[in-house]
Every structure is written in structure tokens, then in C-alpha cells.
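Visitor: Coordinates for the following, if possible.
(chains A and B)
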There are 2 protein chains.
Amino acid sequence: MKELEDRIRSDGVVIDNEILKVDSFINHQIDTALVRRICAYLIEPFKNVEKVVTIETSGIAFAVIAAELLGDVPVVFAKKSKSKIVDSANVYTANVKSFTRGVVSPITIDKRFLKKGERVLIVDDFMAEGNASLGLVELCQQAGAQVVGVGVAVEKSFQGGHAKLNAMGIPVRSGADVAGFDHGKVIFVDENAPRL
Amino acid sequence: MKELEDRIRSDGVVIDNEILKVDSFINHQIDTALVRRICAYLIEPFKNVEKVVTIETSGIAFAVIAAELLGDVPVVFAKKSKSKIVDSANVYTANVKSFTRGVVSPITIDKRFLKKGERVLIVDDFMAEGNASLGLVELCQQAGAQVVGVGVAVEKSFQGGHAKLNAMGIPVRSGADVAGFDHGKVIFVDENAPRL
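Guide: The predicted structure follows:
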């Protein structure tokens, strides 16, 4: 999505030729008009979505706006549990490894909010190794819900998340796919190549 | 706001005649159409808002939709810092006491995202003692931004947050004001009384 790539080039901050910060428009300050255009792009291929699922915190803005564009389907955000021990009587739970911090933590969704057969679109702001998305897929599978796809604003497909989801039969759509960095400049996977 | 009060009566869960859970439509599963109608009500009295400020996590859905309705002004969400020590060179920081857990934790906003003179509306899902909102006001004051008001979906004004903000000259608007509980039933402050 050219607009997002251009915005990342102009307002993204690359640290140590390795980390991309997009906190001025995506995950600390949020440009809602841009997010709406990104979400319109992300949801486009997915039909009959009944629920949008994301994970706290920065996925929520994208999930909410995607849900509005899908005709106000419900949003559910998974919670990152502070406790290692989760009472699994009332919640679905999966363990997710944090890419930035390396630790494994449980994420949970209340069993009331995922239903068997429900067509779920997973939406998030960012994906690299795909650990958060894979955790959300696991929660949906526990409920018997059907994940129709994953939409993320920015991905780094070279870190493997995209391929792992595809291998499970789950299509991934992203607004921008970062291939790497060159002297502090962001290089994108060819924007004209089909990513879905 | 009658619709929200009715929804709380039908779908809210009262625990131990003391705690109100609204996680099926506000802060775990989110009904975006309802949130949009609540936000339209919350923003109505506030003019020339230039930014919506909230705090992670469950305030984000309301802040984003309020910002859309205000003509896509930017949203900024304060982060709850995991560390007691915050590098205050780059961020505004305030200490906030958690009502549910009792602990005091710093919240932060990057200094790039609050500007002197900026007209800020604070939006959140819930307010009781008002600690989170007061912390956000403090961050805005550090930046020299002007808080034009606070809009919250559900408040318990009897716990004092509303009055503290009013005493600072900051008007508060809420979608529902919980006065207490009676045998597990939610009692609202008279919905016809002006709350702003």
C-alpha cells in the first residue's frame, strides 16, 4: 500500500539500522484517517467476517476501525495475563513469546467471546515472527472458530510469521512489508508483488 | 444516556454487589456501534478539540472512535510503564494509583505528542476515583496543553473523580453514572439530571 510505505519513509524512525519506530502515527500517536485507509485495504479480500480479534494494546485501534468498516461486527481483544497461571475454566489461553523481550506469557480470551464456527479476522498493527497472531489463531482453534485471515498494518515477512500462517492455510494481508534496512532507510518488499 | 444504561442493566454483570463488569460490550468484547453512539454523546459539548488523549488499554477504542467523530484529530494513548524509573528526558510522566490493585505506577507520553496550547479532550471507558484522568491531566499540564474536558463511558461519580476534575475547572461528561448497587442491580444517578 503505497500511502503507508510513503508515510513510513517520511515519518518512521529507524534505530540502529534494525528497529523501525512508527509511534508518531500507528502505536503511540494514532492517525485515525490513515488507519481507516489501511483497514479498508486489509479487509478487502475477506468475506462474511463475523468478528475481529486482536491483542492488547496497539492492535486495538486497527481492530476497532476494521470492525466499523466490516459493518460493526464485534471486536474482541486478547488480554496479556500478568500471571503465569491462568484459570482455564473460563478463558481460552495460549502462550506467546515476546519478540522484543524474549519472555513467554499467556494471552487469554473469555470463552463467552469466541464461538464455534464463527468467521474471525485477526487484525494487528505489526507482525514479524507472527507469535501474537499464532497465539490468537490457537485461541480461535480452541473455540472451534474459523480464522479467515490475518490483516496487519506493517509486517516483516522475512522473519517468518507470514509463511507460518500461510502453511496453516491462513492468508495474510499487510499494508507494508519491510524487507530490511539500508543505512537507516527502510526497504520494502516490492509493493507490486501480490502478498495475498 | 438511556441506551447505555439499558445495556448495562441487560448485559452488565454485578459481582458481590460491588463490582460492575461490562466486558461483553465495552472492555474485552467491544460493540463498536454502541461505542460510536456513546462517543457522539461524549464529544457533543466540546468545541475545537485538537487531540484526544487516553490511557492504554481499554480507553483506546473510545478514543479512536471519538477522534474519528471529531474529524480525525490525532489520538495519543499514555503508556503504563513497567519500570518505576522513567527517563524523563523524552517523555512526560505522572504517577497513577490503580484503583483495583492499589499500586502506584508511572504513565508516560512522548514529549513529541503533546504540544503547548493544544486543546485536548481526555476520553476513557471508565472513571471512579479519577486517578487515570488526573494523571493524564498532569501530563497535559506538563506540556502546556489545555484540557477542555473529560469524556468517559461509565463513571461512578460518588467515588470522587468527577468532583476533583470539576474543582480544577475541567468539565466531565459521562454516558452513565453508577450510583451504587442494590441486590445485584445497578442504580444510576438520575439520568435526567444534567451531569455537565
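
Visitor: For A:His28, list the residues it contacts.
Guide: By Cβ atoms under 8 Å, 6 or more residues apart in numbering or on different chains, the contact set of A:His28 is B:76-77, B:79, B:109-110, B:113. No exception for glycine: its C-beta is placed from N, CA and C like everyone else's.

Visitor: Backbone dihedrals for it, please?
Guide: Backbone torsions for A:His28, taken as degrees, to the nearest 10, come to phi -150, psi -60.

Visitor: could you measure it against B:Gly161, distance?
Guide: Distance of A:His28 to B:Gly161, computed by Cβ to Cβ, to the nearest Å: 25 Å.

Visitor: got it, and A:Lys116?
Guide: 41 Å.

Visitor: For these two, work out which one has more neighbours and name it.
Guide: Between A:Lys116 and B:Gly161, B:Gly161 has the larger neighbour count (other Cβ atoms under 10 Å in any protein chain shown), namely 25 against 8.

Visitor: How about the more buried one: what's its closest non-neighbour residue?
Guide: B:Gly130 (2.2 Å; Cβ to Cβ, 6 or more residues apart in numbering or on different chains).

Visitor: Might you report the residue contacts of that neighbour?
Guide: B:159-162, B:164-165.

Visitor: which phi and psi does it have?
Guide: For B:Gly130, the backbone dihedrals (degrees, to the nearest 10) come out as phi 80, psi 10.

Visitor: quick check, nearest of the contacts of B:Gly130 to B:Phe99?
Guide: When those are compared for distance to B:Phe99 (Cβ to Cβ), B:Gln159 wins out at 8.0 Å.

Visitor: what's the burial count for the closest one?
Guide: 15.

Visitor: Could you check which helix or strand contains the residue nearest in space to the middle of chain A?
Guide: Geometric centre of chain A, nearest residue: A:Asp124, 2.3 Å, by Cα atoms, centre = their mean. A:Asp124 belongs to strand A:119-127 when elements are defined using DSSP states H and E.

Visitor: Going along the chain, name the helices of chain A.
Guide: Using DSSP state H, the helices of chain A run over A:2-11, A:32-43, A:60-69, A:131-143, A:161-167.

Visitor: will you turn those into a markdown table that also has mean pLDDT?
Guide: Listed next are these as a markdown table, based on pLDDT from 0 to 100:
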| stretch | mean pLDDT |
| --- | --- |
| helix A:2-11 | 96 |
| helix A:32-43 | 98 |
| helix A:60-69 | 98 |
| helix A:131-143 | 98 |
| helix A:161-167 | 98 |
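
Visitor: Comparing the ones you listed, which comes out most buried?
Guide: helix A:60-69 (a mean of 27; mean count of other Cβ atoms under 10 Å in any protein chain shown).
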